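Q: For reference, the sequence and a predicted model appear below.
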Amino acid sequence: MRGEKLIIGQRLRVLRQSLGLTQAQMALELGVSASYITLIEADQRPASARFLMRLAEVYDLNISELAPSTDAQLAAEFAAALKDPALEAGPLPRAEIEAVLQASPRIASAFVRLHDSHREALLRPQADENPLTDRDKVEALTGSSRPVDMVRNWFYAHNNHVDALDRAAEAVAEELALHRNEPHMAMTHRLAGHGIAVRILPAHVMGDQLRRFDPHRRELMLSELLSQASRRFQIGVLLARLEQEEAIAALVEKSGLTETAAVTLLRVSLANYYAAALMMPYGRFLAACESVRYDVELLGHRFGASFEQTAHRMSTLQRPDARGIPFFFVRVDRAGNISKRFSAGRFPFSRFGGTCPLWNIHAAFEMPDRVQTQVIRMPEGASYFSIARTVTRAGGTHGQPAQRLAIGLGCDVAYAPRLVYADGIDLERTKPVDIGLNCYLCERPDCSSRAHAPINRRLRVNERERSLAIFSFEGAEP
C-alpha cells in the first residue's frame with residue numbers, strides 16, 4: 001500500500017547474514033537489484049509493502065519480525081506509561097521513545113512494571129473506599145498486572161501459539177478421523193472411552209450454567225442453549241483435562257506464574273486452546289485457510305465451528321515451519337469493553353480505556369451478522385486491514401435475549417491481498433482511517449469522536465469558538 005514503508009536496514013542485514021547470503025545473492029532471490037538491498041541496509045531507502053511481502057514469501061517470515069519496534073505491545077505500554085502526568089515528562093518525540101525501546105527493551109519493560117505497581121498502590125486505597133466514585137480510576141486499576149493480564153501477556157509472548165497442544169490435538173483428530181466422521185459423535189465416543197456420558201439438559205435444569213462436569217456420576221452436562229459448535233468445544237475442553245493434564249501442567253510450571261487465580265486461568269485457557277485445535281487441526285485448517293483465502297464463514301461451516309471460534313483459531317497459526325497470516329483478534333461489547341484480545345502479529349492493544357471509536361468494530365453493531373472491512377492506521381504509521389462482525393453468545397430466550405458482541409480480526413495491510421475480504425478494494429488508493437489506542441493515549445488533534453483529552457495534555461478552553469472536536473488540548477494545532 002502506498003505510504004506503508006518501513007526502515008529495516010539493521011534487521012535486514014542481520015537476516016541476510018544469518019542466511020549466509022551476500023547482498024547480490026539476496027537481491028537475486030528476491031528479484032531486486034543489489035543496489036536496492038544496499039540502500040535499504042544503509043537506511044537510505046524504506047522497504048515497501050511489496051518488498052516486505054516478497055521477504056515473507058521467500059524466507060518464511062512474519063512481516064512483524066522486520067518491524068522497527070521490537071515489541072509492539074511493550075511499545076504501546078511504555079508510551080502510555082510515559083504519558084502519566086505524574087512523571088511530568090511532557091510530550092516526547094516518537095523517535096526518542098523508539099530509541100529507548102531499540103537500545104534497552106528490558107529497561108523499558110521494567111519501567112512499565114514499576115509504573116503498574118505505582119499506579120496500583122496509588123489507586124487501590126481509593127477504589128477500596130468506594131470503587132464507584134471514579135470509573136476512570138477503576139478502569140485504570142483493573143488494567144494493572146492481575147490474573148487476566150498475566151495470562152494475556154503469556155500468550156502474547158508465545159505469539160498466541162502453543163505448539164505442544166497443537167500437535168497433540170492434531171494427532172487425536174487424525175486418530176478420530178474427524179475429517180471423515182461426524183465430529184460430535186466421534187468426540188462423544190472418545191469421552192465414553194473414559195467412562196463419561198454426555199447429557200443435554202433443559203435450560204431450567206442447568207440454570208445459569210452452560211456446562212457442568214460431575215466426576216462422581218461421570219457425566220458431562222451441557223445446556224440445550226449451547227449451539228452444536230459450542231457443545232463440541234465443551235467436549236474438547238473436558239478431553240483436554242483428561243488427556244493433556246501433563247502437557248498443560250508442564251506449560252503452567254514453565255510459565256513462572258505463581259498467583260493462584262492466574263495459574264487457574266492459564267490452565268483453563270490452555271484447555272480451551274486444545275479444544276479449538278481439536279476441532280480445527282493445524283495442518284488441515286491452515287491448508288483450508290489458504291485454499292479459501294481465510295473466509296471465516298466458509299471455514300466455520302467446513303469445520304463445524306462458530307464465527308468467533310474460527311476467527312480466534314486463525315490468530316494461532318504461527319507454527320515456525322508452517323505459518324499462517326499473523327492476525328490479531330479482539331472481542332468487544334457495545335460499550336467498547338474488551339473481553340478477549342490476542343495477537344500473533346505486532347498490533348498494539350491498550351491495557352485500559354477500551355478501543356478507538358473510529359475503528360469499525362463498533363459500527364458492526366449497526367449491521368448485525370455482516371462482515372465489514374476497513375483499513376486502519378495507528379499513530380506510529382503502521383497500517384492494518386481489519387474485518388469486523390457481530391456474534392451472538394450462547395443462550396437467549398424470549399425473556400432473556402442473548403448478548404451480542406463484536407469480533408475484530410485483522411493483519412498488517414501487506415497481507416490483505418491474501419484475504420477474500422480484500423477483493424474489490426484498491427489497497428493502493430484506499431486512504432487508511434487514522435485511529436489510536438484509545439482517547440486517553442491518543443494525541444491526534446481535531447478528532448470529532450474524542451471522548452477525553454489525552455492524559456498528558458492540559459485542556460484548552462476557548463469561550464468564543466466551537467469546533468467539531470469536543471475536546472481541544474494544549475500542544476495541538478489551533
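A: Thanks, I have it. This one's a predicted model, so the numbers in the text were calculated from it and none came from an experiment.

Q: could you pull out the helices for the stretch 101-250 of the chain?
A: Using DSSP state H, counting those that start in this stretch, the helices of the stretch 101-250 of the chain run over 105-129, 135-142, 147-157, 163-176, 183-192, 203-206, 228-243, 245-255.

Q: so which of the ones you listed comes closest to Cys442?
A: Evaluated over the helices of the stretch 101-250 of the chain, closeness to Cys442 peaks at helix 135-142, with 15.3 Å, by C-beta to C-beta. Any C-beta I mention is one placed from the backbone N, CA and C, and that applies to glycine too.

Q: average model confidence for the closest one?
A: Helix 135-142 shows a mean pLDDT of 43.

Q: again, but for stretch 10-26
A: Stretch 10-26 comes out at a mean pLDDT of 85.

Q: Endpoints of it, how far apart?
A: 15 Å (C-alpha to C-alpha, to the nearest Å).

Q: Okay, buried residues for that stretch please.
A: 11-13, 15-16, 21, 23, 26 (16 or more other C-beta atoms under 10 Å).

Q: Then stretch 232-251?
A: Buried residues in stretch 232-251 (16+ other C-beta under 10 Å): 232-241, 243-244, 247-248, 251.

Q: Next: stretch 208-219.
A: In stretch 208-219, counting by 16+ other C-beta under 10 Å, buried: 210-211.

Q: which helices and strands does the helix or strand where Val391 lies pack with?
A: For Val391, the host element (DSSP states H and E) is strand 383-392. Contacts defined by 3 or more C-beta pairs under 8 Å, 6 or more residues apart in numbering; DSSP states H and E place strand 383-392 against helix 307-314, strand 372-377, strand 404-412.

Q: before we move on, back to that, most tightly packed of the helices of the stretch 101-250 of the chain?
A: Per residue and on average, the most neighbours among the helices of the stretch 101-250 of the chain fall to helix 228-243, with a mean of 21 (mean count of other C-beta atoms under 10 Å).

Q: Return the distance of that one from the chain's centre.
A: 23 Å (C-alpha atoms, centre = their mean, to the nearest Å).

Q: Let's see that helix as CSV, backbone CA atoms only.
A: The C-alpha coordinates for helix 228-243 follow below in CSV (Å, rounded to 0.1, in the frame of the first residue of the first chain):
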residue,chain,number,x,y,z
GLN,A,228,-23.7,-27.6,18.2
ALA,A,229,-20.3,-26.0,17.8
SER,A,230,-20.2,-24.9,21.4
ARG,A,231,-21.2,-28.4,22.5
ARG,A,232,-18.3,-29.9,20.6
PHE,A,233,-16.0,-27.2,22.0
GLN,A,234,-17.0,-28.1,25.6
ILE,A,235,-16.4,-31.8,25.0
GLY,A,236,-13.0,-30.8,23.7
VAL,A,237,-12.3,-28.9,26.9
LEU,A,238,-13.0,-31.9,29.0
LEU,A,239,-10.9,-34.1,26.8
ALA,A,240,-8.0,-31.7,27.3
ARG,A,241,-8.4,-32.0,31.1
LEU,A,242,-8.5,-35.8,30.8
GLU,A,243,-5.8,-36.5,28.2
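
Q: got the angle between that helix and helix 245-255?
A: Counting by axes from the mean of the first three to the mean of the last three C-alpha atoms, to 10 degrees, helix 228-243 lies at 80 degrees to helix 245-255.

Q: what angle do helix 228-243 and helix 183-192 make?
A: Using the same axes, to 10 degrees: helix 228-243 against helix 183-192 is 30 degrees.

Q: Name the residues that touch helix 228-243?
A: By C-beta atoms under 8 Å, 6 or more residues apart in numbering, the surrounding residues in contact with helix 228-243 are 165, 168, 172, 183-184, 187-188, 190-191, 194, 196, 198, 200, 210-211, 213, 220, 222, 226, 248, 270-272, 274-276, 278-279, 300, 304-306, 309, 394.

Q: ok, 7 Å please
A: By C-beta atoms under 7 Å, 6 or more residues apart in numbering, the surrounding residues in contact with helix 228-243 are 183-184, 187-188, 190-191, 194, 198, 211, 213, 220, 222, 226, 248, 271-272, 274-275, 278-279, 304-306, 309, 394.

Q: returning to what we had before: got the helices and strands packed on strand 383-392 as a markdown table, with distance to Trp359 columns?
A: Shown next, in a markdown table, are those (distance: least, C-beta to C-beta, whole Å):
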| stretch | distance to Trp359 |
| --- | --- |
| helix 307-314 | 16 |
| strand 372-377 | 6 |
| strand 404-412 | 7 |
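
Q: and of these, who's closest to Thr355?
A: Per C-beta to C-beta, nearest to Thr355 of the helices and strands packed on strand 383-392: strand 404-412, 8.2 Å.
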